[in-house]
Structures are given as structure tokens and as C-alpha cells.
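Asks: With the input below, show me the fold.
(one chain, ligands or ions: 1)
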Amino acid sequence: MKALYFDEFGDNSVLQYGEVEIPKISRDQLLIKTSYIGLNFADIYRRRGTYHIEKRSPYINGYEALGQVVQCGENVKNFKLKDRVFFVDVPFAEAEYVCVPAEKAIKVPVGLDSKTVAAIGLQGLTADFLAHDLGNNQIGENVFIHGISGGVGQILAQMLTADGMNVYGTTSTIQKQQLALSQGAKKVFLRNTDWKDASFANFATVYDGVGITLKQSLELATNKGKVIFFGMAGGNPPLVNPLDLLGQSKSLLTGDLWDYLNSAAERKHRSERLFSYFVNDKIKISEPTVFPLAKGKEAYEYLESGKSIGKVLLLPEDH
Ligand SMILES: NC(=O)c1ccc[n+]([C@@H]2O[C@H](COP(=O)([O-])OP(=O)(O)OC[C@H]3O[C@@H](n4cnc5c(N)ncnc54)[C@H](OP(=O)(O)O)[C@@H]3O)[C@@H](O)[C@H]2O)c1
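Replies: As a prediction, this is how the structure comes out:
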């Protein structure tokens, strides 16, 4: 089968596309033939060697894809051949075939097409735990999202708006600003110019997946408010002294999706809650940008550049 892989950590030049062996399933696994593979910032951190990674040589990157069941292990009861499933926490996904533990496979919901579900998957489940496990805001509270038109940002912003919060945020361009406003944000600041004007709004929660902005996030949060740090798309965050937080009763929370997806029941419950927003027309995301898996290098470059709007998907040859 064809796959995107690397042998050593580094910049984009370490990525290679070529032939590797089709993996063999165990009794509790499914073999999935991928149709759409999700590219995420975590894949960039792993390629750089700065994130947790499952050792293997050559290393096939990626943890998220959607596809069809083509083989079932003998212990698997709840899936059958041709079922459409997706997964967000299984290694070696940037390939035509992936071995997926049955408990990590999530059935594609009826009424949503494969491309849309592939574009929602990991970023949507992230938005879900950020909103419902960490944010837990009251109706009418003001919240702020850095990178509001990114993949996580678009879904999080509309989810919070649907839940009754007033959503504000930053973007880098007017095009991204207009998109976030059209998706229901109250006000969107351009990050390189006017974000400081946002300090009027007493934000109960500030969502920061950009990283280098952490100090600004702590300033934007109101006393007794919280900053939720969940990623570093813009670079590692500065060190924070807890004493500075104590003086204003501010909290700094963090979270990793995988700690929330710790059973098949959690995956089912969380994805049903997430997809209900889409089925009920509460969230609409921008069209994903699609690259052939063979051009994976260009897809990584595009995501890393910060130019992307919403999801980046990779398409295997025989899609
Ligand atoms: N904790 C978890 O479980 C979890 C799960 C998934 C993702 N994440 C994290 O969530 C964050 C967002 O992920 P995503 O998938 O939504 O990515 P994304 O679509 O690329 O969005 C990231 C946004 O960050 C902004 N940004 C600011 N400075 C940037 C820079 N120097 N380079 C690139 N982007 C920059 C960009 O918006 P503007 O150009 O408008 O500023 C971009 O839209 C990432 O840090 C990712 O690692 C965390």
C-alpha cells in the first residue's frame, strides 16, 4: 500500500511517499481502507519530534481518518464489512490501510456525508471537550477564542454560540474575520493590530490554542475567569507564575482530547453530542482543503504556514 512516512524527525523535507506493507489486524481490530485522512497540528509536532509518538521505522504519521471496514478480527462483534467508520486516536493513519482497535472506531452518523464527517472528526471532538468539560460557561457569558477561524476554532465558536455564549476572537486576515462573523461571532479582532481593544469585554473564558499568546490570554480573562490552553499552533507558550494568577483569582486549565476519549462509550456519547449540532444546522464549517496523499508534503506546508481555513484532508489514490 502507499503511505506518507519519515525515518527521522525534522522539517518537511523528511516526509516521503511510497510503498509499505499492508498491516495485519489482531483479533480485536478492524482493517480500514481509508477514504479521507485528517491532517492535524499534532502531526506537525510529531514530525518535528516534539510530541508523544509511537516508535516505528519508517514512521507513518497521522491519527485520524475515515474509511470502510474491509476486514474484521474474530473477536469483533459490533462492526461488519463495508461499515463506514472514522477514528481520531489511532496511529499510522496516513496510509491506504490502517489497523484500528474496534473500541476506537466510531460509526459515521446517518445523514452526514463522509467528507463532512472527516472534516469534523478530531477538531470537533476537541471543540466538544473544550466547551463542555473545560469551559462549562453560563448562558450570556463572554468567551474569547484565538485563531477563531481555524478547524477547532470554527466548530468551538459556533458550538458556544449555540449554547448561549457571546463569542469573540482573533484572526490574521480580513477574509478569516468575515468568515467568523458570518458564523455568529459577536466581534472578531485582527490579531496583529487591534486585539487589545478586546479587553473591555470581561471574558469569563479565553481559549488559547496558539500558545505564544498565553500572556495576552491571561490579561483578557476577567478576575475569577479562566484561560484554557490547548495547543501551540503559533509556538510554545511563555512560562507563567501561579502567584500572578492567584492575585486575580484566575485559573489556567489544559486538556488533551485523548484523556477524554478513554472508552468506546465515551467516543459514542461525545460524537453523538457533537454531530447533533450539525444535524440540527447549528454549525456549518468551511469546505475542507483536500490534497492527494501523494502530495502530503504540500499539505503539511500549507497547514504549518497558518494560511489554512478549517480542515485539511489527505486523499488516498484509490479513494
Ligand atoms: N488539546 C487537544 O486535545 C487538541 C486537539 C486538537 C487540536 N489541538 C490544538 O488546537 C490548535 C488549533 O488546531 P487546529 O486543528 O484548529 O489548527 P488550525 O486549523 O491550523 O488553526 C490554528 C489557528 O491558529 C492561528 N495561528 C496563530 N498563529 C499561528 C502561527 N504562527 N502558525 C499557524 N497558525 C497560527 C491561525 O489563525 P489566524 O491565522 O487567524 O491567527 C490558525 O487558523 C493547535 O494548537 C492544535 O495543536 C489540541
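Asks: And the helix or strand harbouring Ala180, what does it pack against?
Replies: In the assignment (DSSP states H and E), Ala180 maps to helix 174-182. Using 3 or more CB pairs under 8 Å, 6 or more residues apart in numbering; DSSP states H and E, the elements in contact with helix 174-182 are helix 151-162, strand 166-171, strand 187-190. Yep, even glycine has a C-beta here, placed from its N, CA and C like the rest.
Asks: Relative to Val88, which of these is closest?
Replies: Closest to Val88 of the helices and strands packed on helix 174-182, according to CB to CB: helix 151-162, at 12.3 Å.
Asks: The closest one: how far from the chain's middle?
Replies: Once both centres are worked out by CA atoms, centre = their mean, to the nearest Å, helix 151-162 turns out to sit 12 Å from its chain's centre.
Asks: Counting by contacts, list what that helix packs against.
Replies: With contacts taken as 3+ CB pairs under 8 Å, 6+ apart, helix 151-162 sits against helix 114-129, strand 142-145, strand 166-171, helix 174-182, helix 264-279.
Asks: List the buried residues of the helix holding Ala180.
Replies: Lys176, Gln177, Leu179, Ala180, Leu181 (16 or more other CB atoms under 10 Å).
Asks: show me which of the residues you listed neighbour the ligand.
Replies: When contact is defined as CB under 6 Å from any ligand atom, these meet the ligand at Lys176.
Asks: could the buried residues of helix 174-182 go into CSV alongside pLDDT and distance to Gly10?
Replies: Shown next, in CSV, are these (pLDDT from 0 to 100; distance: CB to CB, whole Å):
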residue, pLDDT, distance to Gly10
Lys176, 96, 29
Gln177, 96, 34
Leu179, 97, 33
Ala180, 98, 34
Leu181, 98, 39
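Asks: Assign the residue nearest to Gly140 when sequence neighbours are not counted to helix, strand or coil.
Replies: The shortest distance from Gly140 to any non-neighbouring residue, by CB to CB, 6 or more residues apart in numbering, is to Gly164 (6.5 Å). Following DSSP: H, G, I helix; E, B strand; the rest coil, Gly164 is assigned to coil.
Asks: Thanks a lot, see you next time.
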